[in-house]
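# Predicted model and sequence follow; I will ask about them next.
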Amino acid sequence: MIRNVRNRTPLRRFMTVSILLGAILAAAPAFAQLTDADVEKIPAGAQPIKFSHRIHAGENQIDCQYCHIYARRSSTSGAPPVAICVGCHKFVATDLAEVKKVMGYWERKEPIPWVKIHDVPDFVRFPHHKHLNANNETFPDGVACQACHGPIETMDVVEKADPKFGLMGWCLNCHLEIPGTLERKRAIASTTDPKKLKNYMHPSGTYVRPNLTDCLTCHY
Ligand code: HEC
Ligand code: HEC
Ligand code: HEC
Ligand code: HEC
Ligand code: HEC
């Protein structure tokens, strides 16, 4: 059984306005708690910057999609553009050596070469947005990041929460948990009657839900 956890809502809504954040921080530098020695203790992963989800998404409760801005809109979720980091780090923890490295990439106009951890082969179609915007009995509010990626907000170094992550059986196990998946497959296969197909429409009314176990749903 895969647990669906709701996405965190941003505790600090003011973070959406980085200028305002700057003003607040200038008045009360409440964030500047970490020292280089603390950052030293964070385990080094494969990444070019010691970026900790525990500190950002955990302790500081920054919403996943504040940084992963493409997740809801496109197939790839992607690493955040450096501009998003700079929006905060122009003001926050500017003394830390690791933060200076971030600003270095920004000044040189270079993307940070993050190493990809979660990956499926190119012959597989995995649309993030379709999952986040899902609306069915099992996932009325979409599939939460954590249902697939685990408790990322507790991790200093991102790793796969489940060794089976991304395998075909892992995908199918969840698709088969969605009630009516197989019935829908049979019904859609056996009718072209638009009235009957209506029962299988996405609530947006714009398309018939795909057959979640069909080879061509996931393979090109
Ligand atoms: C919404 C504000 C915000 C954004 C956006 C943000 N950070 Fe941070 N970052 C923080 C805060 C707050 C801390 C903790 C500072 C402290 O406690 O002294 C922090 C700490 C850090 C640290 C030191 C601790 C650690 O994680 O190793 C690094 C490095 C860092 N950030 C890198 C980044 C990078 C890279 C990005 C962009 C992908 C980014 N930050 C985006 C607010 C932000
Ligand atoms: C402050 C910005 C920021 C926030 C907030 C944030 N992330 Fe990230 N995320 C990053 C950066 C930078 C990377 C690339 C470096 C890494 O892997 O740690 C990343 C990497 C990841 C990866 C691994 C990507 C890969 O290569 O496989 C996943 C999964 C992920 N984030 C999920 C989440 C989830 C879920 C949340 C909310 C609980 C979240 N992130 C919140 C910046 C952020
Ligand atoms: C239904 C499962 C599922 C959900 C829900 C999900 N992911 Fe992913 N995520 C994946 C898979 C599978 C990959 C590998 C995709 C690929 O290689 O094409 C991935 C890859 C990523 C990556 C690496 C870059 C990329 O896009 O390939 C990031 C970052 C990421 N996810 C963040 C998130 C965040 C943030 C959320 C929530 C807003 C989220 N994911 C929700 C399954 C999921
Ligand atoms: C935690 C549950 C879960 C996991 C794991 C999962 N999915 Fe899904 N998938 C869903 C849900 C929910 C939907 C939306 C169904 C709907 O609209 O009714 C969906 C829809 C899809 C769609 C259809 C998109 C469309 O509408 O055209 C594709 C393609 C897909 N998933 C591929 C994958 C692949 C590939 C994997 C594994 C790498 C995977 N999924 C893993 C729950 C999951
Ligand atoms: C829900 C998504 C999904 C569906 C549906 C699906 N696959 Fe896959 N398939 C994957 C993923 C993800 C991989 C890559 C990971 C792996 O090899 O397990 C994969 C890998 C494969 C591979 C390569 C295996 C290898 O060892 O390289 C074949 C062949 C394949 N699928 C055939 C099929 C056939 C035939 C069907 C229909 C009966 C099907 N798939 C339906 C997601 C799916």
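Okay, I see it. Predicted, not measured: the structure shown is a model, and the values here were computed from it. Ligands and ions are numbered 1, 2, ... in the order given.
# Give me every residue in this protein lying close to ligand 1.
15, 31-34, 39, 42, 49-52, 55-56, 60, 62, 67, 80, 84-85, 87-89, 92-93, 96, 98-99, 102 (CB under 6 Å from any ligand atom). Just so you know, the C-beta spots here come from the backbone N, C-alpha and C atoms, and that holds for glycine as well.
# try it again with 5 Å
Proximity of the chain to ligand 1, by CB under 5 Å from any ligand atom, involves residues 15, 31-34, 39, 50-52, 55, 60, 62, 80, 85, 88, 92-93, 98, 102.
# Just the buried ones from those residues?
Buried subset of the residues of the chain next to ligand 1 (neighbour count, 16 or more other CB atoms under 10 Å): 15, 34, 39, 50-52, 55, 60, 62, 80, 85, 88, 92-93, 98, 102.
# Which secondary structure element of the protein has the lowest mean pLDDT?
In the chain, no helix or strand scores lower on mean pLDDT, DSSP states H and E than helix 18-27, which sits at a mean of 48.
# sorry, back to before: from the residues of the chain next to ligand 1, which ones fall inside strands?
Using DSSP state E to define strands, no part of the residues of the chain next to ligand 1 is located there.
# What ranges does this structure have for its helices?
Taking DSSP state H, the helices of the chain run over residues 18-27, 36-41, 53, 64-67, 82-89, 97-107, 128-132, 145-149, 168-177, 181-190, 194-198, 215-218.
# Export those helices to a markdown table and append columns for distance to ligand 4.
Formatted as a markdown table, the helices of the chain follow (distance: least, CB to the nearest ligand atom, whole Å):
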| stretch | distance to ligand 4 |
| --- | --- |
| helix 18-27 | 33 |
| helix 36-41 | 33 |
| helix 53 | 20 |
| helix 64-67 | 16 |
| helix 82-89 | 26 |
| helix 97-107 | 30 |
| helix 128-132 | 4 |
| helix 145-149 | 4 |
| helix 168-177 | 3 |
| helix 181-190 | 8 |
| helix 194-198 | 14 |
| helix 215-218 | 4 |
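# ok, of the buried ones among the residues of the chain next to ligand 1, which one's closest to ligand 2?
Nearest to ligand 2 among those is residue 62, at 3.8 Å by CB to the nearest ligand atom.
# wait, isn't that closest one in contact with residue 53?
No: contact between residue 62 and residue 53 fails when scored by CB atoms under 8 Å: they sit 9.3 Å apart.
# returning to that earlier point: tell me the one among the buried ones among the residues of the chain next to ligand 1 nearest to residue 194.
Checking those against residue 194 by CB to CB gives residue 80 as the nearest, at 42.5 Å.
# and the closest one, how far is that from residue 200?
Residue 80 sits at a distance of 36 Å from residue 200 (criterion: CB to CB, to the nearest Å).
# Name the residues of this protein found near ligand 3, please.
Residues of the chain lying near ligand 3 (CB under 5 Å from any ligand atom): 64, 68, 71, 76-78, 118-120, 126, 131, 143, 145, 148.
# switch the cut-off to 8 Å
7, 64-65, 67-68, 70-72, 75-79, 116-120, 124, 126, 128, 131-132, 142-149, 152, 165-166, 171, 174 (CB under 8 Å from any ligand atom).
# Selecting buried members of those residues in ChimeraX, what would you type?
In ChimeraX, this line selects whichever of the residues of the chain next to ligand 3 come out buried by 16+ other CB under 10 Å:
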select :7,64,65,67,68,70,71,77,79,126,128,131,132,142,143,144,145,146,147,148,149,152,165,166,171,174
